[in-house]
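> sequence unknown, structure follows:
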Ligand code: ATP
Ligand code: BTN
């Protein structure tokens, strides 16, 4: 490893392994390859910048040098965790919400995979898996966090308003100190991942709860959302981490992770 700031921040932190890149295509790709070749639980890939950072369905995630966090954590789930893999995106989002709260900053989870501060996107999570047959062998939790203003892409590239931690806190934040705090929260929260208490905390952190939202499901071949959105009240979470909403008719509906985009209803 050749980043003194990162080395100092993670000194004595119990990781399965650590790989650092000044620039890499995507930390998730590096982590998936490492996981497939036997990385230990809690192995971490960190990059100062990514040239091909991605969000869901291959959409672009911008990470600029010196400005934000781009990392992927490899976890080898237990049997109980394997049955609730849908909770891992919540685990990463909630860990950031908790570590920002410790710095006095309120943040919320925009289900399924974003963290909002003041209703602007400050971080995104991309969970991917290495399978052995039908079984998840490893999970890669990729996370991009906008720390300094330089981490934001140009406004024209945004599909949702964005912000960064420093702007919202009104002062400098050492990004690798934040990484350590985030990983500490994540591994603490992981101990209770399968509990009802975890689900309750995740639910409490949800943005737009009790509000009307627009939901798109299904994408075309370009990965763009097509078809009509439906409006519903965001109620909470199901046991597996999928979203529960209430339609105008009063009927409740479960929205599964993966092929979904969520927005506040117009005018909010
Ligand atoms: P969203 O509700 O954010 O549009 P999505 O599911 O449509 O979510 P994701 O795959 O979650 O899209 O995120 C990728 C999107 O995030 C990109 O299309 C881009 O608009 C936005 N984005 C890319 N880099 C950043 C960044 N550093 N900060 C904030 N937003 C970003
Ligand atoms: C999203 O909002 O769509 C999720 C973005 C996830 C970005 C992170 S940055 C580190 C890791 N490497 C990637 O290529 N993507 C994730």
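Received the coordinates, thanks. Keep in mind it's a predicted model, so treat the numbers as computed, not measured. Ligands and ions are numbered 1, 2, ... in the order given.
> Pull out the buried residues from stretch 237-245.
Buried residues in stretch 237-245, counted by 16 or more other C-beta atoms under 10 Å: 237, 241-245. All C-beta spots, glycine's among them, are computed from the backbone N, C-alpha and C.
> any idea how far residue 118 lies from residue 106?
8 Å (C-beta to C-beta, to the nearest Å).
> Ok, residue 12 next?
Relative to residue 106, and taking C-beta to C-beta, residue 12 is found at 30 Å.
> More neighbours: these two, which one.
Taking neighbours as other C-beta atoms under 10 Å, residue 12 and residue 106 compare with residue 106 leading, 12 against 5.
> Surely the more buried one and residue 117 touch.
Yes - Residue 106 is within contact range of residue 117, at 7.4 Å (criterion: C-beta atoms under 8 Å).
> joint contacts of the two?
residue 100 (C-beta atoms under 8 Å, 6 or more residues apart in numbering).
> show me where the stretch 101-250 of the chain has helices.
For the stretch 101-250 of the chain, the helices defined by DSSP state H, counting those that start in this stretch occupy 165-169, 175-190, 196-204.
> Just want the residue of the stretch 151-268 of the chain that's nearest ligand 2.
Proximity of the stretch 151-268 of the chain to ligand 2 (C-beta to the nearest ligand atom) peaks at residue 160, 8.9 Å away.
> Angles on the backbone of that residue, please.
Main-chain torsions, residue 160, degrees, to the nearest 10: phi -150, psi 140.
> so how far does stretch 201-218 reach from one end to the other?
Using C-alpha to C-alpha, to the nearest Å, the end-to-end distance of stretch 201-218 comes out at 29 Å.
> Run through who's touching that stretch.
With C-beta under 8 Å, 6+ apart, stretch 201-218 has contacts from 87, 90, 93-94, 97, 107-111, 116, 119, 189, 225-227, 229-237, 241, 245, 255, 259-266, 268.
> Which stretches in this structure count as strands?
17-24, 43-50, 69-75, 108-110, 114-117, 120-132, 135-145, 212-217, 230-237, 243-246, 252-255, 260-264 (DSSP state E).
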